[in-house]
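# The following block contains a protein sequence and its predicted model.
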Amino acid sequence: MLAMPEPKAEIVARRAEIVAALAARVGAANVISEALRLKAYETDGFSAYRRVPLAVVLAETTEQVAAALKYCHEQGIRVVPRAAGTSLSGGALPLEDAVVIGVSKMNAILEVDFEDRLARVQAGVTNIGITKAVEGEGFFYAPDPSSQLACMIAGNVAMNSGGAHCLKYGVTANNLLGVTFVTVEGEVVELGGEHLDAAGYDWLGLITGSEGQLGMVTEVTVRILRAAEGARAMLVGFDATDVAGAAVADIIASGIIPVALEFMDRPCIHACEAFAHAGYPLDAEALLIIEVEGSEEEQDALLAKLQAICARHGPSTMRIARTAEESAAIWKGRKGAFGAVGRISPDYLCMDGTIPPGRLPEAMRGIGALAERYRLQVANVFHAGDGNLHPLIMFDANDADSFARAEALGADILKLCVELGGCLTGEHGVGIEKRDLMTAQFGPVDLAQQKRIKTAFDPGWILNPHKVFPLEHA
Amino acid sequence: MPEALTSGMEAPADEAALAARVAAAHAAATPLAIWGNRTKASVGRPVQASAAVSTRALTGITLYSPAELVLSARAGTPVAEVEARLAEKGQHIVSETPDLSALCGEDGAAEGPPTIGGAVACNLSGPRRIALGALRDQVLGIRAVNGTGEVITSGGRVLKNVTGLDLCKLLSGSRGTLAVLTEVTVKVMPAPEATATLVLRGLAPDAAVAALSAGLGSPFGVTGAAHLPAPGRLLGPGGPATLLRVEEFVDFIPYRTERLRALLAAHGTAQVLDTEASLPLWRAVRDAAPLAVAPGEGAWRISVRPSAGPRVLAALEAAGLRGFLDWGGGLVWAAGDGTEASQRAVMAAAAEANGVFWTMRAPAPLRAALPVVPDEPAPLAALTRKVKAAFDPKGILGPGRLYAGI
């Protein structure tokens, strides 16, 4: 179990006073203080850890966020920013002495401009909500995390969320123009705007992925893109992981950047097939789903080239979608992967390391050996083009030993990713989950530099405390 | 012995020597001007420093893995060397780094070609910025020396990485004022097999940006969208030229250009240029060659939302400047008299359009007297000071380069 800080007794003791002060600033209707309602905010997508917060503010305006932050800053009260609470790393996990400031009520689309190809939205708009607002004109918002039906743009900015299509379209940071940012002192500033690039320091780049450590975001201006004419997928099965990895390298070297290039290992193939009946080959050790975009003719040409490349590696199965429906069938299993694993195991931890793609065979062997050592099953699903691994560690939360082994296995897998030249997290963030592993990736000088930046924004370290930085550093 | 340079710049031989030099400057609290090869000497405010330190001796590509789409190079490596190495494998950096030596290298100041470290320190991107991102979007990892002489790292060599604060983006464009870049790791991509350009002639800026927006909002993969009011020798006679670029596999080009031609029919009849004609044209746009800047003139970049570009251009023309549009109208390049009146016209036009500007070239006294980038509102200016101090507590790295007194 990860160590959690002791709540500050003097803050907890002032609870009634704090709730009243917040209500005076943001309206009583926007403050939650009843035990039963607070319970809904005790955790996020990393549900093994739960802490009921002191109070929850659900702000309706930027000014209310600013007022709540200013008060907490002046009083030295810890703040946990929250959007949809879908974080898989505990990024929105509350503390007993912290006020949660949520933006979920701020869910208006403020402006859509197809000529300038941008949308300005409030921070509580869901990721899919942006695409829904622009798809009628053939546009979309590119980053597409798996949680996109629920997750909100404020959380996407905080975690610099990715998705299956970022090899071609980039992650959140690459698709932002500006944010309305509230400092811990309650000052409201615009970072970026409607234009490209920063003239001074790149504040927008710095706060994207800063996990609520530096301030809060209340409005976001994103770039919207015109969707390609069409897209189609192919599915290729291989008898060995190494061979699939070699095929991925050949695809990239050929000059084709598929819009998605997904890898699944045998346990994951089986789980998905049992769940979705997508027609996945159960004899394969590794499965690639490759998607290309363009006109019908371009899709045909690209798929034919990919087919020829894969054929050189002796695939056990190769299936090319001829229609959008066949494409959807290929994706059906992959998109249900997390649910599928959830069906065969009482609980699972979804890891998120990144490795250099060339080290895939070593990573798979290493993960296999570690899983055996910890006596746990692991299913691997993986954004193969960019090396972002999602090992799903299956365990039983009702068995404390099983959970302890799962956490230890997860930590060892991430350390392996760093040893192979990769990193702890590709798109889920550090949160509390990977907090204590930061020293595996960063030396003391690097961590100290990051901490000085944190201090420049948040001198009292009240924002999203005990996350990102190892506990002894906070 | 460090290499002797005509400018008197010191060029430490490796990262450790550079770190020791900065540590010594920190201990003595003596400011340093930070350079690569000084090809962008006129960008930013003049720095008052007793010594100048260059990264030009830190050269060499340290990692190139084409199948992993990643390349690392020491900061002083010429951009051209990186590009040549990538071209051997049919790859490139999508943000197509401009070569501004002719525009921004003060007479005789440059000590060599533009370096990859200098490009990242200025976050310079060419026409593909509008479609595929800035140079800062390609930076995956950095090594740098902060203002106390410590070697810091951020990011790494993988394409997806959200571990810790993203100093790669913060240092990109910070012009060496937070830390001296010693090595950068960038994402690389397959370079296109072929390039085509659709050219519309005779459009006014408003009509041109409408055409560019139609192209950029199409599914046909426009990767460059510029408008040259006076293309001069770059194209034959015919007045203003509106340019849309498509880059694809050779076999895909005819379909894309035909569909775009049809889409743009309402805006005019587009001529199509092939790869051979397209490449020099876009290189010229990239390097701001259409400005044809004369000695003594100033040059500026202004970034606004694309639909505001024509308005900014008109305001600058009214002030006696000339210019052209890139990034679908969102980047206004301007040139004219290197005077306070010109500088103030640029500042006013950028502010009116809710955008930002960069002074790329102007006489040093003017760059010392007036902002070279927009002043920040008070809360951000306070953060700029605090973050600067978090890297460089004694303010020795290029003091005053971005903002007076910081």
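The structure has been received and is ready for your questions.
# Burial check on A:Leu282, number of neighbours?
By other Cβ atoms under 10 Å in any protein chain shown, 11 other residues sit near A:Leu282. Every C-beta, even on glycine, is put in place using the N, C-alpha and C of the backbone.
# How much space separates it from A:Pro391?
Distance, A:Leu282 to A:Pro391, using Cβ to Cβ, to the nearest Å: 20 Å.
# So B:Thr163 is in contact with A:Thr439, correct?
No - in this structure, B:Thr163 is not within contact of A:Thr439 by Cβ atoms under 8 Å, at 11.7 Å.
# which of those two has more neighbours?
Remark: of B:Thr163 and A:Thr439, B:Thr163 carries more neighbours, 29 against 14, as counted by other Cβ under 10 Å.
# residue contacts, the more buried one?
A:Cys423, A:Leu424, A:Thr425, A:Val430, A:Lys434, A:Met438, A:Gln441, A:Phe442, B:Gly156 (Cβ atoms under 8 Å, 6 or more residues apart in numbering or on different chains).
# could I get these as CSV with secondary structure and distance to B:Lys169?
Listed next are the contacts of B:Thr163 as CSV, based on DSSP: H, G, I helix; E, B strand; the rest coil; distance: Cβ to Cβ, whole Å:
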residue, secondary structure, distance to B:Lys169
A:Cys423, strand, 16
A:Leu424, coil, 18
A:Thr425, coil, 17
A:Val430, coil, 17
A:Lys434, coil, 21
A:Met438, helix, 19
A:Gln441, helix, 18
A:Phe442, coil, 17
B:Gly156, coil, 14
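# between those, which is nearest A:Ala231?
A:Thr425 (27.8 Å; Cβ to Cβ).
# count of neighbours near that closest one?
30.
# where does the stretch 51-200 of chain B have low pLDDT?
B:106-107 (pLDDT under 70).
# Which residue does it have closest to chain A?
B:Lys169 (2.7 Å; Cβ to the nearest Cβ).
# Skipping adjacent residues, who's closest to that residue in space?
Among residues not flanking B:Lys169 along the chain, A:Gly205 sits closest, at 2.7 Å (Cβ to Cβ, 6 or more residues apart in numbering or on different chains).
# Walk me through the domains of chain A.
A:9-105, A:109-226, A:231-339 (automatic domain parsing).
# looking at the ones you listed, which is buried most?
domain A:109-226 (a mean of 23; mean count of other Cβ atoms under 10 Å in any protein chain shown).
# how far out from the middle of the chain is it?
14 Å (Cα atoms, centre = their mean, to the nearest Å).
# same thing with stretch B:66-83?
So, by Cα atoms, centre = their mean, the centroid of stretch B:66-83 is 17 Å from its chain's centroid.
# So which residues on the stretch 51-200 of chain A come close to chain B?
Counting by Cβ under 8 Å from any Cβ of the partner chain, the residues of the stretch 51-200 of chain A close to chain B are A:113-118, A:138-139, A:159-160, A:162, A:166-167, A:170-171, A:173-174, A:183, A:185, A:187, A:189, A:191, A:193-200.
# and if we set it to 6 Å?
Contacts of the stretch 51-200 of chain A with chain B, taken as Cβ under 6 Å from any Cβ of the partner chain, map to A:114-116, A:160, A:162, A:174, A:183, A:187, A:189, A:193-200.
# Now, the residues you listed that are in strands?
A:Val189 (DSSP state E).
# Is the residue in chain A positioned nearest to chain B in a helix, a strand, or coil?
Distance from chain B to each residue of chain A (Cβ to the nearest Cβ) is smallest for A:Gly205, at 2.7 Å. A:Gly205 falls in the helix class when you classify it by DSSP: H, G, I helix; E, B strand; the rest coil.
# Count the neighbours of the residue of the stretch 51-200 of chain B closest to chain A for me.
Neighbours of B:Lys169 (other Cβ under 10 Å): 29.
# In contact with it, which residues?
Residues near B:Lys169 by Cβ atoms under 6 Å, 6 or more residues apart in numbering or on different chains: A:Asp202, A:Gly205, B:Arg136.
# unless I'm mixing things up, the last one is touching B:Ser125, no?
So that's B:Arg136. No - using Cβ atoms under 6 Å, B:Arg136 makes no contact with B:Ser125, being 8.1 Å away.
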